[in-house]
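A.B. asks: Below: sequence and its predicted model.
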Amino acid sequence: MSAPGEESFIIAPPERVAIPVTGSEQLFPVRRIFCVGRNYAEHAREMGADPQREPPFFFTKPSDAIVVAGNDVPYPRATANLHHEVELVIAIGKRGGDIAKDQALNYVFGYAVGNDLTRRDLQSEAKRSGRPWDTAKGFDHSAPVSQITPSAQCGHINEGQITLHVNGDERQRGDLQDMIWSTAEIISALSKLFILQPGDLIFSGTPAGVGPLQPGDEVDASIEGLTPLAHKVLPAN
Ligand code: MN
């Protein structure tokens, strides 16, 4: 038996996943990662879907898929078609369920730039066979994220350029105001399915231009007003 507060574990507990905060020495601890599918009309079209304004749908990644800014991404196993998807990441700072749209932004701690890395070949197969997306979306190192900028500094950004470059060439460009579902609408919809908790992250969907990455590529992802994200794709190990 251990004294209270001195629990011992049968195996080593996982390390706390945490993201640096712009302008602070303190870290943002990551709890869960939710992601929105098809939230820009042009991207929905390039994926062969009809961009109707149907309710947003969600999938998840494990929190330890996070790649903290300054680290690189090993080319994942089990794919020959790794795709980039630059996205606005919403960092939740307050607990809440059934959140009204006009209250939703009060639950935001801040914003970051993320890359929703996708094993597109596995996703295409999952879509074809009506199976879950977990292996296509939730693999190790599948969620590079920039530093989080507190909304107290950057405000609640709902417009501005979102871009991704590979080896200096522009691949994705969009504007946050083209999101089919706004940040407030996403938070409200997600909070009807889950009680949102401090530490939750929401990847809010990608603009058109997704495409493959190769080992050796250098990725630069930016959103106006936020700390940009840069990472390399390392050779498979
Ligand atoms: Mn995505």
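C.D. replies: Here it is on my side, so go on. Numbering: from 1, shown residues only.
A.B. asks: what residues does the protein put near the ion?
C.D. replies: Proximity of the chain to the ion, by Cβ under 5 Å from the ion, involves residues 85, 116, 206. Any C-beta I mention is one placed from the backbone N, CA and C, and that applies to glycine too.
A.B. asks: Which residue is it, in this structure, that comes closest to the ion?
C.D. replies: residue 116 (3.5 Å; Cβ to the ion).
A.B. asks: Excluding residues flanking it in the chain, which one is nearest that residue?
C.D. replies: What sits nearest to residue 116 in space, not counting adjacent residues and going by Cβ to Cβ, 6 or more residues apart in numbering, is residue 85, at 4.0 Å.
A.B. asks: would you list every one of the helices in this structure?
C.D. replies: Secondary structure of the chain by DSSP state H: the helices cover 41-46, 120-129, 134-137, 151-154, 183-190.
A.B. asks: Using JSON lines, please lay out those helices together with mean pLDDT.
C.D. replies: Below are the helices of the chain laid out as JSON lines (pLDDT from 0 to 100):
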{"stretch": "helix 41-46", "mean pLDDT": "88"}
{"stretch": "helix 120-129", "mean pLDDT": "98"}
{"stretch": "helix 134-137", "mean pLDDT": "98"}
{"stretch": "helix 151-154", "mean pLDDT": "96"}
{"stretch": "helix 183-190", "mean pLDDT": "97"}
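A.B. asks: need these in JSON lines with mean neighbour count, can you?
C.D. replies: Converted to JSON lines, the helices of the chain look like this (neighbours: other Cβ atoms under 10 Å):
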{"stretch": "helix 41-46", "mean neighbour count": "16"}
{"stretch": "helix 120-129", "mean neighbour count": "15"}
{"stretch": "helix 134-137", "mean neighbour count": "20"}
{"stretch": "helix 151-154", "mean neighbour count": "15"}
{"stretch": "helix 183-190", "mean neighbour count": "22"}
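A.B. asks: can you list contacts of stretch 19-26?
C.D. replies: For stretch 19-26, the external contacting residues (Cβ atoms under 8 Å, 6 or more residues apart in numbering) are 27-28, 30, 66, 68-69, 91, 110, 112, 145, 147-150, 153, 227.
A.B. asks: Write a PyMOL command that selects only the buried members of those residues.
C.D. replies: Burial among those is assessed by 16 or more other Cβ atoms under 10 Å; the matching PyMOL selection reads:
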select buried, resi 28+30+66+68+69+91+110+112+145+147+148+149+150+227
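A.B. asks: contacting residues for the most centrally placed residue in the chain?
C.D. replies: Nearest residue to the geometric centre of the chain (Cα atoms, centre = their mean): residue 203, 3.4 Å. Contacts here follow Cβ under 8 Å, 6+ apart; on that basis residue 203 touches 33, 34, 35, 36, 61, 87, 88, 89, 114, 116, 143.
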